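Student: Just to be clear, the model below is a prediction. Sequence and coordinates:
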Amino acid sequence: MEPEPVPRAGRTTLLLSLALVLALAAVYARTGGHAFLTYDDGLYVTENPHVLGGLSWAGLRAAFLGFHGGNWHPLTVLSHQLDVSLFGLDAGAHHLVNAALHALNAALCLVVLARATGNVWAAALVAALFALHPLRVESVAWVAERKDVLAGTFFFLTLLAHVARVRRPTRAGGALVALCLALGLLAKPMLVTLPCLLLVLDRWPLARREPWSALVREKSALFLLALVSAVLTVVAQRAGGSLQALDQLTLAERGATAVRAVWTYLAQSLWPVDLAPFYPHPALVPGAEFAPLGARTWLALALLAGVTLCAWALRARRPALLAGWLWFLGMLVPVAGLVQVGLQLHADRYTYLPGIGLAVALVYGLGAGLGPRAARSALALGGVVALACGVASARQVARWRDTRTLFEHALALDARNHVAHQQLGLQAQREGDLVRAREHYRAALAIHPQLTGTLGNLGAVHATLGERAEARAAFAALHALLPDDLQGRLGLAALAQEEGRPADAVRLLEGVRAGTPGFGLAMLSLAEAQEARGEWRAALAAYERSFEDGIDPGAAAAAAWILATGPDPALLDGARARELAQLAAEGGAPNALEVQAAAAARAGDFAAAVALQGELLRQSPDPTQRFLQGQRLELYRSGKPYTRR
């Protein structure tokens with residue numbers, strides 16, 4: 001089809017964009033009633049202290065100076081903070097923001113391709129296939145994947161700026177391209193191969209004839225941005241523990257993972273069925289079979305090589321075919337599995353931007369050279385396919401309604417999906433159904449015995465159900481796998497305390513390193529164990545160390561009680577006791593009045609001690625407690641502090 005005159009093309013583009021947005025609204029509007037998931041939504045939003053405070057200077061610093069979930073994506077963190085500031089923790093509103101960004105991306109996709117190629121209708125079909133495809137659902141209907149849709153927006157803005165810069169070269173145009181790419185990388189580092197894609201698009205559809213060296217030199221700043229982002233990503237993922245070490249997957253296994261993943265993405269793009277939120281990598285599941293050099297790998301490699309050779313052979317007559325195929329392959333490089341991140345074999349979300357390349361290859365590549373009648377027929381057929389994709393996407397969106405619906409569907413597809421069992425167990429635990437949680441955790445561990453988080457959760461469930469032997473076994477297994485893990489140490493220490501073995505609890509907790517997440521909680525438990533052994537000085541030191549993680553009101557009250565009442569006379573310190581007692585009161589510690597009274601008496605302020613103790617006496621409903629509190633009140637009236645013996 002010939003390009004339309006610009007004014008008419010502009011109107012057509014606008015109308016088609018509106019139609020596409022309305023179609024997406026029909027597919028994704030129901031996400032406004034969806035819940036947050038147990039799967040990563042807590043990590044990124046609902047349990048992330050840097051997000052829960054909303055937009056602030058402290059949040060801005062945390063977004064840029066910290067890693068979140070093994071990622072460095074400050075712009076995404078800021079977008080979640082903005083949502084919390086605007087909507088609180090209204091899950092539906094967070095979901096609808098994702099849907100709105102996806103609709104914007106669909107419109108931008110149409111505009112970019114229409115301007116770059118001059119073919120509005122082909123651009124609209126590509127945009128529709130991209131936006132309505134079921135593989136997009138994971139990126140849109142999952143709040144934790146805000147980074148996909150947000151990075152997508154800046155991806156299309158980068159393409160749009162590049163097309164404008166090519167058509168009218170200016171220094172400001174080049175700076176705008178770099179700015180859009182930088183913002184996209186701050187949302188998700190998957191855009192690291194975008195400079196290479198711009199080189200591909202320079203040949204088609206932009207038809208640039210400059211030497212490759214000149215085109216590469218033009219993008220030197222973009223390659224530098226991509227390199228910096230790649231380095232920061234590796235550092236973040238290594239710090240977050242999500243980067244699989246070389247000894248866990250051999251080079252052959254990594255290569256096979258990449259080949260099979262790319263072939264799977266191609267197959268799912270053409271026939272999107274049996275989609276799941278997690279596909280276990282058999283090489284990372286103990287006892288599972290994974291033959292990296294087996295027939296499946298070689299067949300997939302041969303098919304991919306065949307498609308590549310065909311696209312190359314047809315590059316003169318159908319350049320869009322090669323450009324789209326390279327778009328697909330190139331953008332999958334960071335996530336194909338050569339650098340394995342996480343435990344999945346592949347993931348639907350990784351196709352969010354690469355999938356556009358396949359649509360470009362099909363629509364522009366295979367459609368090149370068609371006559372007007374054939375072009376209209378092909379366009380109509382494409383519209384039917386896009387409509388079918390929309391119907392399939394609507395069904396897939398319904399499966400993302402909540403954790404239980406999503407992962408029960410995943411289990412129906414694969415009964416050995418350990419992550420599905422994990423998430424269903426976690427949801428049941430949060431709902432208070434501990435028996436069901438226990439069964440799901442056991443099922444997950446039967447498949448993958450080294451799931452440390454699940455071992456800890458199972459231990460906690462057993463302990464709550466009073467199954468001490470089973471709890472001890474779970475926490476011991478966790479401690480054996482990760483000796484420095486806090487959950488295992490705390491679980492075993494709590495059981496030791498309950499069973500009258502404070503020495504064992506102390507031994508476990510003394511090894512906790514400063515700076516470990518949850519260090520303050522470990523020091524609280526250590527202090528309680530040392531108190532049980534009568535080691536008052538050590539207990540007080542542990543309470544003081546716990547304050548490094550922030551002042552816990554209960555810990556402040558416990559430390560103030562030792563300083564105010566003994567029984568070690570060498571530790572008595574009325575001034576410090578009053579300071580901590582005040583912090584306990586401000587934090588709402590239930591025994592704050594009693595501690596404040598004792599601290600005031602130890603500091604020699606008996607008038608305050610009498611007033612505080614009198615108030616405590618008036619509030620106490622228990623006769624025995626009233627008797628004891630009354631005795632202590634008389635002690636303070638006589639000008640004597642209370643000292644434990």
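Tutor: Perfect, I can see it now. Numbering: from 1, shown residues only.
Student: mind listing what's buried in the host helix or strand of S229?
Tutor: For S229, the host element (DSSP states H and E) is helix 220-240. By neighbour count with 16 or more other Cβ atoms under 10 Å, helix 220-240 contains the buried residues L222, L225, A226, S229, A230, L232, T233, A236, Q237, G240. Just so you know, the C-beta spots here come from the backbone N, C-alpha and C atoms, and that holds for glycine as well.
Student: CSV please, covering the residues you listed and showing pLDDT and distance to R507.
Tutor: Listed next are these as CSV, based on pLDDT from 0 to 100; distance: Cβ to Cβ, whole Å:
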residue, pLDDT, distance to R507
L222, 95, 55
L225, 94, 50
A226, 92, 49
S229, 88, 45
A230, 86, 44
L232, 86, 40
T233, 80, 39
A236, 73, 35
Q237, 68, 34
G240, 56, 30
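Student: Can you report how many residues lie near the residue nearest to T297 when sequence neighbours are not counted?
Tutor: For T297, ignoring the flanking residues on the chain, the nearest one in space by Cβ to Cβ, 6 or more residues apart in numbering is A256 at 4.4 Å. Using other Cβ atoms under 10 Å, A256 has 24 neighbouring residues.
Student: Now for this protein, the helix or strand with the poorest mean pLDDT.
Tutor: Here the helix or strand of the chain ranked lowest by mean pLDDT, DSSP states H and E is helix 519-532, holding a mean of 80.
Student: Name the surrounding residues that touch stretch 82-99.
Tutor: 24-25, 28-29, 31-36, 45-46, 51-55, 79-80, 139-143, 145-146, 149 (Cβ atoms under 8 Å, 6 or more residues apart in numbering).
Student: Try it again at 7 Å.
Tutor: Here stretch 82-99 makes contact (Cβ atoms under 7 Å, 6 or more residues apart in numbering) with 28, 31-36, 45-46, 51-52, 54-55, 140-141, 143, 146, 149.
Student: before we move on, what about stretch 470-478?
Tutor: Residues outside stretch 470-478 that contact it (Cβ under 7 Å, 6+ apart): 452, 455-456, 458-459, 462-463, 485, 487-488, 491-492, 495.
Student: on that earlier part again, and the host helix or strand of the residue nearest to T297, how far out from the chain's middle?
Tutor: Secondary structure assignment for A256, by DSSP H and E: helix 251-270. Using Cα atoms, centre = their mean, to the nearest Å, the distance from the centre of helix 251-270 to the centre of the chain it belongs to is 23 Å.
Student: next one: stretch 448-464
Tutor: Mean C-alpha position of stretch 448-464 versus that of the full chain (Cα atoms, centre = their mean) differs by 21 Å.
Student: Quick check: mean pLDDT of that stretch?
Tutor: Average pLDDT, stretch 448-464: 93.
Student: Buried ones in that stretch, by neighbour count?
Tutor: Counting neighbours by 16+ other Cβ under 10 Å, stretch 448-464 gives H448, L451, T454, L455, G456, N457, L458, G459, A460, V461, H462, A463 as buried.
Student: Next one, pLDDT for the closest residue to the fifth one other than its chain neighbours please.
Tutor: It stands for G456. Once flanking residues are discounted, G456 sits nearest to Q487: 3.8 Å by Cβ to Cβ, 6+ apart. Looking at Q487, its pLDDT is 87.
Student: measure Q487 to G32 for me?
Tutor: As judged by Cβ to Cβ, to the nearest Å, Q487 and G32 stand 36 Å apart.
Student: Which of those two has more residues huddled nearby?
Tutor: Higher neighbour count among Q487 and G32: Q487, with 19 against 14, using other Cβ under 10 Å.
Student: how about the helices in the stretch 451-600 of the chain?
Tutor: Along the stretch 451-600 of the chain, the stretches classed as helices by DSSP state H, counting those that start in this stretch are 452-464, 468-481, 486-498, 502-509, 519-532, 536-546, 553-565, 574-586, 592-602.
Student: Please tabulate these in TSV, including the columns distance to V419.
Tutor: Formatted as TSV, the helices of the stretch 451-600 of the chain follow (distance: least, Cβ to Cβ, whole Å):
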stretch	distance to V419
helix 452-464	10
helix 468-481	18
helix 486-498	19
helix 502-509	29
helix 519-532	27
helix 536-546	34
helix 553-565	36
helix 574-586	42
helix 592-602	44
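Student: For A276, find the nearest of these.
Tutor: Closest to A276 of the helices of the stretch 451-600 of the chain is helix 452-464 (Cβ to Cβ; 18.7 Å).
Student: Does anything pack onto the closest one? Which helices or strands?
Tutor: Here helix 452-464 is seen to pack against helix 418-430, helix 434-447, helix 468-481, helix 486-498 when contacts are counted using 3 or more Cβ pairs under 7 Å, 6 or more residues apart in numbering; DSSP states H and E.
Student: what residues does that helix touch?
Tutor: 422, 425-426, 429, 434, 437-438, 441-442, 444-445, 470-471, 474-475, 477-478, 481-482, 485, 487-488, 491, 495.
Student: Distance check, R513 against A288.
Tutor: According to Cβ to Cβ, R513 and A288 sit 34 Å apart.
Student: Between these two, which has more neighbouring residues?
Tutor: Using other Cβ under 10 Å as the criterion, R513 and A288 rank with A288 on top: 13 against 9.
Student: In a helix, the more buried one, correct?
Tutor: No - counting by DSSP: H, G, I helix; E, B strand; the rest coil, A288 is not found in a helix; it is coil.
Student: Might one say that H281 is in contact with V341?
Tutor: No - using Cβ atoms under 7 Å, H281 is not in contact with V341, being 10.8 Å away.
Student: Compare neighbour counts for those two and give me the winner.
Tutor: Applying other Cβ under 10 Å to H281 and V341 shows that H281 carries more neighbours, namely 22 against 18.
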